[in-house]
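# Sharing a model that was predicted from the sequence below.
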Amino acid sequence: MRTSIATVSLSGTLTEKLTAAARAGFDGVEIFENDLTGSPLGPEEIRERAADLGLTIDLFQPMRDIEAVPADEFARNLRRAEHKFRLMRRLGTGTVLVCSSVSPYAVDDDALAAEQLHRLAGLAQESGVRVAYEALAWGRHVSTYEHAWRIVEAADHPALGVCLDSFHILARGSDVTGIEAIPGDRIFFLQLADAPQMALDVLQWSRHHRCFPGQGDLDVAGLVRAAVRAGYDGPLSLEVFNDVFRQADAGRTAVDARRSLTLLQESAGLTAPPAPVVPTGFAFVEIATADTARIAPLLTALGFSRTARHSGKPVDLWEQGEARILLNTDTGSHRPDPSLTAVGLESPDPAGAAARAESLLAPVLPRRRAPGDAPLDAVAAPDGTEFFFCVTDGPGDGQRSGDAGRSGWTGDFAPTPHTPAPIGITRVDHVALTQPWHHFDEATLFHRGVLGLRPHASVDLADPYGLLRSRAASNEDGTVRIALGVGASPTEDPARGGRPQHVALLTDDLVTTVRRALAAGSRLLPVPANYYDDLAAHHEFAPGELETYRELGILYDRDEKGEFRHCYTVTTGRVFFELVERGGGYDGYGARNAPVRLAAQHALAE
Ligand SMILES: O=C(O)c1ccc(O)c(O)c1
Ligand SMILES: [Mg+2]
């Protein structure tokens, strides 16, 4: 099916919006009247510009407050409509959207609404255009698609149909199966938007918080399936009113939008991009630092040893158990030092994962390879973090290296002599990546769609100087977990690149691991005594247990599935580490303790 996007979904001038939509691969646009009125280009020039870019103008919108009004008012409305129909001919667009009336003059009279829409459609037909009637969720008398369709059916004019907008329909909790009762050729247009669930006035919710399908909580794919079953074969068009997208870079938003539409088409069974390849673990986490001396002592005190060095690049491999950290001194940028720059994901099919990423418009990174290096497929996430799809050879897997695409990346590293001094860390539990505030929804969709992870619920965490929104995404068995966080903190120095990021390391026995870490010289984040008093009020502990946590600075959480113990190192550059122990089936990240951690980090930074 053709894809389209409403100009209201993108920032900038009309020209910028058209260019962004075309570059992202959309077939057409809906032009919002404001964008046209404010443009220095005449309708013919806009038509030409769109055509040059390979875009059709699929819809002009909106016309408001037309129907179910007194005769003199309706006569004025028709005059207004005639004017707009002429404009549409000049623009070269064949369909206009008419929103259900919110006018105080409108009366609750379906027969009158139908009669007036019939007359409007007659006028439209004379101008060679057609009218798509849309029920606004807050329409004065018409606020559901079923009602809009009853009126359209009664009006019975070939130039009159309905426009279905997923937001208005799903925000009201309407049953979408009724869509299948509408003949497909009477559905003139399909507008798609998602939104997070919010207890908010529906108009405010719609005008400020819509997002691209897959970024919110509405079942947009179910609605698309119903429209397709009804026989609709017009464009799938994104109409997203969103305060953030209005400010963000249009080119980037358009790519995010197009990716969302591909994923939606996939969910609705309309397209089949290369299948998702779900990662099965962390291969490595890469930290960039100009001087390894800044972070090597910290890693050593956490029980890591430098086990190997890359044969062609200034990269060291540090290991403990299955946890692998690459230190790369080729920083090449003005990032804070050290910074978390890349994540290696263990992939059952690296080439397949890269193919899917590419089909979803993820920037595929040039392979910075030396001759003989194992091929590495990598993409850049919205925050710039590089994700590598890789295979880590187990012991004795060296013979696999002839098998192109499946040879292990560790083959590029030459072992260095070392004496292991582990403290009980088994592997990476999760990586916490802080996102630029205007890329959060894009990042969530990227991690789900491109990386094949399942997003968890979003939580708001209190920070002494702001609010941190956090949303994790993981694979099914929890061996890959990525926590995305967002929220500017006014105390933070932008030169430090935003909030710190962290790597959480898993142990089976946190108390023992922490004692060893402290003995090896680790500096852990101090936790206020008040926290432990509060903890004692919430949970019962075995004798001495709470005292141990208090002594070591361990935080604790419990849910119906299990227990979570964790603690943090102090921050270096933009990076810190967390040590975690998961007991039972605990699936969270200790969100309850995050405010204490954030306060403690601020206290230390002051
Ligand atoms: O918020 C509005 O007014 C508005 C206008 C046109 C639309 O298509 C819509 O869904 C909402
Ligand atoms: Mg709409």
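Happy to help now that I have it. Ligands and ions are numbered 1, 2, ... in the order given.

# Skipping its backbone neighbours, what lies nearest the residue in the stretch 451-600 of the chain that ligand 1 sits nearest to in space?
For the stretch 451-600 of the chain, the residue positioned closest to ligand 1 under CB to the nearest ligand atom is Ser458, at a distance of 24.5 Å. (C-beta placed from N, C-alpha, C; glycine too.) For Ser458, the nearest residue in space outside its immediate sequence neighbours is Arg471; the separation is 4.2 Å by CB to CB, 6 or more residues apart in numbering.

# Please identify the residues of this protein in proximity to ligand 1?
Taking CB under 6 Å from any ligand atom, the part of the chain that reaches ligand 1 is made up of Gln61, Pro62, Leu97, Cys99, Glu134, Leu136, Asp165, Gln191, Ser206, Arg207, Glu239.

# Switch those residues over to TSV; also include pLDDT, secondary structure and neighbour count.
What follows is the residues of the chain next to ligand 1, written out as TSV (pLDDT from 0 to 100; DSSP: H, G, I helix; E, B strand; the rest coil; neighbours: other CB atoms under 10 Å):
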residue	pLDDT	secondary structure	neighbour count
Gln61	96	strand	24
Pro62	95	strand	19
Leu97	98	strand	24
Cys99	98	strand	24
Glu134	98	strand	23
Leu136	98	coil	21
Asp165	98	strand	27
Gln191	98	strand	25
Ser206	98	helix	22
Arg207	97	helix	13
Glu239	98	coil	27
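
# pretty sure the residue of the stretch 451-600 of the chain closest to ligand 1 is in contact with Ser470, am I right?
Yes. The pair Ser458 and Ser470 passes the contact test of CB atoms under 8 Å, sitting 7.0 Å apart.

# Contact partners for the residue in the chain positioned nearest to ligand 1?
When CB to the nearest ligand atom is the measure, the chain has its nearest residue to ligand 1 at Pro62, with 4.0 Å between them. Pro62 sits next to Phe32, Glu33, Leu97, Val98, Cys99, Glu134 when contact means CB atoms under 8 Å, 6 or more residues apart in numbering.

# My guess is Glu180 contacts Val228. True?
No. In this structure Glu180 lies outside contact range of Val228 using CB under 8 Å: 9.6 Å.

# Which one of those two is surrounded by more residues?
Remark: of Glu180 and Val228, Val228 carries more neighbours, 19 against 14, as counted by other CB atoms under 10 Å.

# hmm, the host helix or strand of the more buried one in reach of ligand 2?
Under the criterion of DSSP states H and E, Val228 resides in helix 220-230. No. No part of helix 220-230 sits close enough to ligand 2 to count as contact by CB under 5 Å from the ion; the gap is at least 12.8 Å.

# Return the distance of whichever helix or strand comes after that helix from the chain's centre.
Taking DSSP H and E as the definition, the helix or strand that follows helix 220-230 towards the C-terminus is strand 236-238. Averaged C-alpha coordinates place strand 236-238 at 18 Å from its chain's average position (CA atoms, centre = their mean, to the nearest Å).

# Check which helices and strands the following helix or strand past strand 236-238 sits against.
Using DSSP H and E, the next helix or strand after strand 236-238 towards the C-terminus is helix 250-267. The elements that helix 250-267 packs onto, with contact taken as 3 or more CB pairs under 8 Å, 6 or more residues apart in numbering; DSSP states H and E, are strand 3-6, helix 14-23, helix 220-230, strand 236-238, helix 440-449.

# Enumerate the residues of the protein near ligand 2.
Applying CB under 5 Å from the ion, one finds that the chain approaches ligand 2 through Asp165, Gln191, Glu239.

# which one of those residues is nearest Ser260?
For the residues of the chain next to ligand 2, the residue nearest Ser260 by CB to CB is Glu239; the value is 12.5 Å.

# which residues does the closest one contact?
Ile5, Ala6, Val8, Ser9, Glu30, Asp165, Phe167, Gln191, Leu192, Ala193, Arg210.

# Pull out the buried residues from those residues.
Among those, those that count as buried by neighbour count (16 or more other CB atoms under 10 Å) are Ile5, Ala6, Val8, Ser9, Glu30, Asp165, Phe167, Gln191, Leu192, Ala193, Arg210.

# Export the residues of the chain next to ligand 2 as TSV, with columns for distance to Gln116.
Converted to TSV, the residues of the chain next to ligand 2 look like this (distance: CB to CB, whole Å):
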residue	distance to Gln116
Asp165	21
Gln191	23
Glu239	25
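
# what about Glu33, distance to Leu78?
The gap separating Glu33 from Leu78 is 18 Å, by CB to CB, to the nearest Å.

# Between these two, which has more neighbouring residues?
Neighbours of Glu33 and Leu78, each counted by other CB under 10 Å, are more numerous for Glu33; the result is 18 against 15.

# closest point of the chain to ligand 2, which residue?
Asp165 (3.5 Å; CB to the ion).

# Spit out the contact partners of the nearest residue to Arg516 once chain neighbours are set aside.
With CB to CB, 6+ apart as the criterion, Arg516 has its nearest non-adjacent residue at 3.8 Å, and that residue is Ile423. If a contact means CB under 8 Å, 6+ apart, then Ile423 has Leu302, Gly303, Gln320, Thr507, Thr512, Thr513, Arg516, Ala517, Ala520 as its contacts.

# buried stuff in stretch 460-479?
Under the neighbour-count criterion of 16+ other CB under 10 Å, stretch 460-479 has Leu461, Asp463, Gly466, Leu468, Arg469, Ser470, Arg471, Ala472, Ala473, Ser474, Asn475, Thr479 buried.

# nearest to Leu365, of the residues you listed?
Proximity of the buried residues of stretch 460-479 to Leu365 (CB to CB) peaks at Ala473, which lies at 20.6 Å.

# can you tell me which helix in the protein is longest?
Among all segments of the chain classified by DSSP state H, the helix with the greatest residue count is helix 71-91.

# which helices and strands sit right next to that helix?
In terms of contact count using 3+ CB pairs under 8 Å, 6+ apart, helix 71-91 is assigned the packing partners helix 43-52, strand 56-63, strand 95-99, helix 110-126.

# With respect to Ala250, which of those lies nearest?
Closest approach to Ala250 among those (CB to CB): helix 43-52, 14.8 Å.

# what's that closest one packed up against?
The contact analysis (3+ CB pairs under 8 Å, 6+ apart) places helix 43-52 against helix 14-23, strand 56-63, helix 71-91.

# quick one, it and helix 14-23 angle?
20 degrees (axes from the mean of the first three to the mean of the last three CA atoms, to 10 degrees).
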